[in-house]
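Engineer: Fold the stuff below for me.
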Amino acid sequence: MTYRIGIDVGGTFTDLALYDDSTGQLWLAKILTTTEDPSKAVLEGLDSLLLECGITTSQLGEVSHATTIATNSVIQRIGPLTALLVTEGFRDILTIGRQKRWELYDNSIDQPKPMVRRRSTWEARERILFDGIVKVPLDEASVIRAAKEMQEAGVKAVAISFLHSYVNPRHEELAAELIASVAPEILISRSSEVSPIYREYERTNTTAMNAYVMPLLGTYVSRIEHGLAERGYSNCLYIMQSNGGLATPDVARRFPIRLLESGPAAGVIAASKFADAATSTQLLSFDMGGTTAKMCLIENGRPLLTGQFEVDMINLKKNSGMPVSIPAFELVEIGSGGGSIARVEMGAIAVGPESAGSFPGPICYNLGGLRPTVTDANVVLGYINPDYFLGGKMSLNAEAAHSGIREFIADPLGIDVASAAWGIYEVVTSNMAQAARVVSIGKGKDPRDFVLVPFGGAGPLHAIRLGLGLGCKKVLFPAGAGVASAIGLLMADPAFDLAQTSVLTLEPKNLDLINQIFEGLVKQANDQLELSEITGEYRISRSCDMRFVGQGYEINVPLPKGPYKLDDMEYLRKAFFDVYSTTYGDRTIDTFSEIAGVHWRVNAVIEREPFSFALTKVGIQSLKGSRSVFFPEAGGFVNCPVHDRYSLGSGDIIHGPAIIEERESTIVLIPGSSAVADKYSNIMVTI
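Structural biologist: Have a look, this model is predicted:
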């Protein structure tokens, strides 16, 4: 049973990658996502790919999966009725949020819409102080009364978030037991389990979002498991988390909030594995699919991690979205994909964030779409071959795309169709450049020092223009770029994170407490590894979110293996100063500044053996023909050579303008660029 498969569900396409560990052979597939029930496309795509390869489901040793279910349900608000149980007097915690405004001088802006309505929020009489001491015991009658009212209202899930439960979770545990005894059908999410760290609004919002997606995600995972079992699969199903680690279905059901960036995280994992091919550990991951585009900075071969991020941000403005306090790759995601709809707005072209999705899809899909999209523009410009879409499995209607752009863009602006299509292309590329600057320049990093790594079905179409705008000197197109997130699932390691909040200064008097915290977290990690039934060599790493005493926010500092001795205290201080200097500029170590650790973290990872693959067909001519393609540098449409990516051998060089086609995506080489292939089918472009 040497076969493994990765399946990534996106908003428009579902990608599959099947790998044979014994031979290194890789099979790829891409099919339209079944929006009404994404599990249908997963199982249908699985059946189709296995049939094509002559393999049965029972021969699979592992199935890894990434999904957008959690993200879509949060952004679109398609979850069931969810309740919130809070400490008495804190019913408005989600409505009040934080005072920070994402537009300081605009009095008309709206705060993020709370995940749970005020009328679905109940209070329990209880109070635990910041140090864990119980001031007011839990009034069990108030919890039982709330549970009965939730049941009568038809609540499907409830989030419990009491003050300071991250220090003492006993009241939350007792409340959960009481609700389960009264209304066993209601799913329960406790903040002391989901996000056991301080800052009440962020912790409560994270827990509420977790409860909100529990019913949908639970049903979805059960459908996948049931479908696999019907087909004879008896091994474990792994699901990608936002931190790039794989989790079991039980973990996904209990903590679906950890899957918010599931698909994008798999893509980042894939991008980070191509550092050797890029001859650089400084990479900028660029994932453009049918619905969204995602950016992530990879430094020293490792994607940047964050302990808190925002969902559903407005114009990439900080504090405009909903905060989520879980470990995740530091991504920026915008509504710019192949299916993003173009329109004329105030006399100019605008694109996204609304997407045509897989159905009705772009006009050229001939599935009922009526409004022009980025994909329609790429067809009109000659970048996409209408007869070779998905390797020829799907034909596109170029005439319909041409007519749609004329009706909705060209005629209203008084320009020709080619100029309108190029305008759409430029606008969406500019949008993605803005997102790239947020994760690079916004973090004090110069994008010119990074190699751009594009993937996703639409990423390679826009990558070189994007790299040109950012000043990147090189762009690496990894093998299988069109389904890179599915390939990333095969590369990912099972992993999970644990954290505990305890504000402790780095002083000798707190040494025993620090060691006790880490000892408890490591024990929890070992317990979870045993419960997960995942086997293999694993490593446990430590870190802490630290700050100067008096500061409002922390930075994450990697720490060595413990337990720590008195002599190590100065080393911990130095570790903080090193990270602080890297983040904010040089800072001399001094013995007077007090430093506090806030969130103590443990990361457990089961490390896999690395694998490699190549998609090259040896001895076959790469040039497959030519077609008319639009390049403004060349004055418009020119007769452009078209190459077959699978026929490019190691060392083959192609100069732009040119098109390089593969089944799942297309590379557009602009004039003045040159591409060279390596032995693993990766293509490096120098601008």
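
Engineer: three-state assignment of L370?
Structural biologist: L370 carries the three-state label coil when classified by DSSP: H, G, I helix; E, B strand; the rest coil.

Engineer: For it, which non-adjacent residue is closest in space?
Structural biologist: Setting aside the residues directly before and after it, L370 is nearest to I363 in space (CB to CB, 6 or more residues apart in numbering), at 6.6 Å. Glycine gets a C-beta too; all of them are placed from N, C-alpha and C.

Engineer: show me where the stretch 401-550 of the chain has helices.
Structural biologist: Ranges of helices in the stretch 401-550 of the chain, per DSSP state H, counting those that start in this stretch, are 411-413, 417-439, 459-470, 484-491, 511-532.

Engineer: Please identify the deepest-packed of those helices.
Structural biologist: Burial of these is given as mean neighbour count (mean count of other CB atoms under 10 Å); helix 484-491 ranks first at a mean of 30.

Engineer: quick one: average confidence on that helix?
Structural biologist: Confidence over helix 484-491 (mean pLDDT, whole number) is 91.

Engineer: Helix 459-470 and that helix, what's the angle between them?
Structural biologist: Relative orientation of helix 484-491 and helix 459-470, computed by axes from the mean of the first three to the mean of the last three CA atoms, to 10 degrees: 100 degrees.

Engineer: Export only the CA atoms of helix 484-491, formatted as PDB.
Structural biologist: Coordinates of each C-alpha in helix 484-491 appear next as PDB, following Å, rounded to 0.1, in the frame of the first residue of the first chain:
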ATOM      1  CA  ALA A 484       0.300  22.600  -5.800                       C
ATOM      2  CA  SER A 485      -1.900  22.600  -2.800                       C
ATOM      3  CA  ALA A 486      -2.900  19.000  -3.400                       C
ATOM      4  CA  ILE A 487       0.800  18.100  -3.800                       C
ATOM      5  CA  GLY A 488       1.500  20.100  -0.600                       C
ATOM      6  CA  LEU A 489      -0.800  17.800   1.300                       C
ATOM      7  CA  LEU A 490       1.500  14.900   0.400                       C
ATOM      8  CA  MET A 491       4.500  16.900   1.700                       C
END
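
Engineer: Would you mind pulling up the elements that that helix packs against?
Structural biologist: With contacts defined as 3 or more CB pairs under 8 Å, 6 or more residues apart in numbering; DSSP states H and E, the packing partners of helix 484-491 are strand 3-9, strand 13-20, strand 26-32, strand 60-66, helix 262-272.

Engineer: Highest mean neighbour count out of these?
Structural biologist: Ranked by average neighbour count under the criterion mean count of other CB under 10 Å, the helices and strands packed on helix 484-491 are headed by helix 262-272 at a mean of 29.

Engineer: From the rest of the structure, what touches that one?
Structural biologist: 6, 8-10, 66-68, 70-71, 239-244, 283, 285, 287, 294, 296, 298, 301-303, 328-329, 331, 333, 453, 455-456, 478, 484-489, 491-492 (CB atoms under 8 Å, 6 or more residues apart in numbering).

Engineer: And the buried ones among those, selectable in ChimeraX?
Structural biologist: To isolate in ChimeraX the members of the contacts of helix 262-272 that are buried, counting by 16 or more other CB atoms under 10 Å, one can use:
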select :6,8,9,10,66,67,68,70,71,239,240,241,242,243,244,283,285,287,294,296,298,303,328,329,331,333,453,455,456,478,484,485,486,487,488,489,491,492
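
Engineer: what's the angle from the strand or helix carrying V213 to strand 60-66?
Structural biologist: Assignment of secondary structure by DSSP states H and E places V213 within helix 200-230. Taking the same axes, to 10 degrees, helix 200-230 and strand 60-66 form an angle of 150 degrees between their directions.

Engineer: Which one of the helices of the stretch 401-550 of the chain has the poorest average confidence?
Structural biologist: Summarising mean pLDDT across the helices of the stretch 401-550 of the chain, the least confident stretch is helix 511-532, with a mean of 83.

Engineer: what distance separates that one from the centre of its chain?
Structural biologist: The gap between the average C-alpha position of helix 511-532 and the chain average comes to 27 Å, counting by CA atoms, centre = their mean, to the nearest Å.
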